[in-house]
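1. quick one, structure for this:
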Amino acid sequence: MSLQSKVAVVTGSTSGIGLALARTFAKDGANVVINGFGDAAAIEKERAGIESEFGVKCLYSPADMSKGEQVTEMIRTAEKQFGRVDVLVNNAGIQHVAPIEDFPDDKFEAIIRINLLAAFYATKAAVPGMKARGWGRIINTASAHALVASPFKSAYVAAKHGIAGLTKTVALEVATHHITANAICPGYVWTPLVEHQIPDTMKARNMTKEQVISDVLLEAQPTKEFVTVDQISALALFLTSDAAASITGAMLSIDGGWTAH
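-> Below you'll find the model as predicted:
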């Protein structure tokens, strides 16, 4: 297990992609920090389940990713609790779908804060320790929308394009310290984030739920299948391995062929 005795922090990990990533790292031997909102009892069940199932330590951080000081404190707490942060996955994200002229200002700003600025604050806080230890893995959950655009998603596309730029810049800055920084760019994955945007898309495009799934969500993916959280987790785990030491600054598409168009 390549992550034995290492520590992984995964933001936005109480459900969906993030939870799958945290469980995958724990299965490989890492102590993990999970983060996100949700029902307290359900979160505790997941946290305790990770510890009992994989024999590692799991800490829950309630840090609000829209607040930079809380993001920074989450990294500090992980370092105090475990002595290190070796793997950072900036995964937290929210979505809103609306035409640009109708896009609520507060929604746009919240998406930028949670999808982009949180990654900046977490990375800034984690890099000094990684440099001191001479090893680290930074993995940003981007999106096919880090590479291409779609209508009615101006804030999300802007944030994910920003994640691409942040990833590349950090990769260059830390390259001589045995630290890599990469972005995974999934197509549509069946998660709560995707499921919850369907009603807005139905309204924006005047479509039924079935039409949104077939003609919007999967229309761009030649496989006509949703990407799975297990597939994303497997890629992330590979990026933490020594075999991936020369992969850095990369935008790694896992999108059913979407960006091959």
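2. what's the burial count for Asn136?
-> Wrong residue type there; residue 136 is Gly, not Asn. 24 (other Cβ atoms under 10 Å). (Glycine included, C-beta is placed from N, CA and C.)
3. residues contacting the closest residue to it other than its chain neighbours?
-> Nearest in space to Gly136, with sequence neighbours left out and distances taken as Cβ to Cβ, 6 or more residues apart in numbering, is Met130 at 2.9 Å. Counting by Cβ atoms under 8 Å, 6 or more residues apart in numbering, Met130 touches Val85, Asp86, Gly136, Ile138, Val174, His177, Ile179.
4. what of Arg205?
-> Counted by Cβ under 8 Å, 6+ apart, Arg205 has contacts Phe152, Gln211, Val212, Val216.
5. wait, the third one sits on Ile198?
-> Going back to what we said before, that points to Val212. Yes - here Val212 reaches Ile198: they are 5.3 Å apart, a contact under Cβ atoms under 8 Å.
6. hang on, the earlier thing: got JSON lines for the contacts of Arg205, with secondary structure, neighbour count and pLDDT too?
-> Shown next, in JSON lines, are the contacts of Arg205 (DSSP: H, G, I helix; E, B strand; the rest coil; neighbours: other Cβ atoms under 10 Å; pLDDT from 0 to 100):
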{"residue": "Phe152", "secondary structure": "coil", "neighbour count": "20", "pLDDT": "93"}
{"residue": "Gln211", "secondary structure": "helix", "neighbour count": "15", "pLDDT": "93"}
{"residue": "Val212", "secondary structure": "helix", "neighbour count": "20", "pLDDT": "92"}
{"residue": "Val216", "secondary structure": "helix", "neighbour count": "21", "pLDDT": "87"}
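7. which two among those are spaced furthest apart?
-> Within the contacts of Arg205, two members stand farthest from each other by Cβ to Cβ: Phe152 and Gln211, at 14.9 Å.
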